[in-house]
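Visitor: return a 3D structure for these sequence lines:
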Amino acid sequence: MKKTNTFYWIFTGVITVSLGIGSVLDVMVLPEVARVVTRLGYPEYLVPFLGVARLLGLAVILLPVKKYRLLKEWAYAGLTFDLVGALYSTIAFGDPFTNWIGSMLTILFLAGSYILYHKKLELIQQTA
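Guide: Down below sits the predicted model:
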């Protein structure tokens, strides 16, 4: 249980920091962020909306494991849709492979956090 818990918090911490910093920058609508999004063909007004949605999803993921299970599932799903959509957009735009690496790593860390979340739930239910 202790090893699962440690790895869960490592994966979740990396996700929270990486997506959290980006989301705060999105909410602030910095010119650099808006330029990237509009270059991909999306409207600039979408940037703060996605930033707030990501921050809310991260807040839900950080809630205690046993509470709000359905809401946590939706938060993981929403973050996955956001990250896969961002990856697809960069691929469709024709960005080089080196621009995909960050998105792919973030998706892998999110998947790890999700899998370990379910492992923690399973271990909690076994001990109860």
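Visitor: how confident was the prediction at residue 128?
Guide: At residue 128, the model reports a pLDDT of 66.
Visitor: residues in contact with residue 61?
Guide: Under the criterion of C-beta atoms under 8 Å, 6 or more residues apart in numbering, the contact partners of residue 61 comprise 12, 15, 16, 72, 75, 76, 79, 113, 117. C-beta here means a position set from N, CA and C on the backbone, and glycine is covered the same way.
Visitor: which single one of the residues you listed is nearest to residue 93?
Guide: The closest of those to residue 93 turns out to be residue 79 (C-beta to C-beta; 21.2 Å).
Visitor: the lowest-mean-pLDDT helix or strand in the chain: what's the following helix or strand?
Guide: Every helix and strand of the chain was ranked by mean pLDDT, DSSP states H and E. The lowest is helix 31-39, at a mean of 89. Past helix 31-39, heading to the C-terminal end, the next element that is a helix or strand (DSSP states H and E) is helix 46-61.
Visitor: of all the residues in that following helix, which ones are buried?
Guide: Within helix 46-61, the residues scored as buried using 16 or more other C-beta atoms under 10 Å are 47, 48, 50, 51, 53, 54, 55, 57, 58, 60, 61.
Visitor: show me where the protein has strands.
Guide: Under the criterion DSSP state E, the chain carries no strands.
Visitor: centroid-nearest residue for it?
Guide: residue 79 (4.3 Å; C-alpha atoms, centre = their mean).
Visitor: which elements pack onto the least confident helix or strand of the chain?
Guide: Judged by 3 or more C-beta pairs under 8 Å, 6 or more residues apart in numbering; DSSP states H and E, helix 31-39 is in contact with helix 46-61.
Visitor: now the helix it packs on against helix 31-39, angle please.
Guide: Counting by axes from the mean of the first three to the mean of the last three C-alpha atoms, to 10 degrees, helix 46-61 points 110 degrees away from the direction of helix 31-39.
Visitor: pull the CA atoms of helix 46-61 into PDB?
Guide: As requested, C-alpha coordinates have been extracted for helix 46-61 and formatted as PDB (Å, rounded to 0.1, in the frame of the first residue of the first chain):
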ATOM      1  CA  LEU A  46     -11.100  29.300 -25.600                       C
ATOM      2  CA  VAL A  47      -7.800  29.700 -23.700                       C
ATOM      3  CA  PRO A  48      -9.100  30.900 -20.300                       C
ATOM      4  CA  PHE A  49     -12.000  28.500 -20.500                       C
ATOM      5  CA  LEU A  50      -9.700  25.500 -20.900                       C
ATOM      6  CA  GLY A  51      -7.400  26.900 -18.200                       C
ATOM      7  CA  VAL A  52     -10.200  27.100 -15.600                       C
ATOM      8  CA  ALA A  53     -11.600  23.700 -16.600                       C
ATOM      9  CA  ARG A  54      -8.100  22.100 -16.200                       C
ATOM     10  CA  LEU A  55      -7.700  23.800 -12.800                       C
ATOM     11  CA  LEU A  56     -11.100  22.500 -11.600                       C
ATOM     12  CA  GLY A  57     -10.200  19.000 -12.900                       C
ATOM     13  CA  LEU A  58      -6.900  19.100 -11.000                       C
ATOM     14  CA  ALA A  59      -8.600  20.200  -7.800                       C
ATOM     15  CA  VAL A  60     -11.000  17.300  -8.000                       C
ATOM     16  CA  ILE A  61      -8.200  14.800  -8.600                       C
END
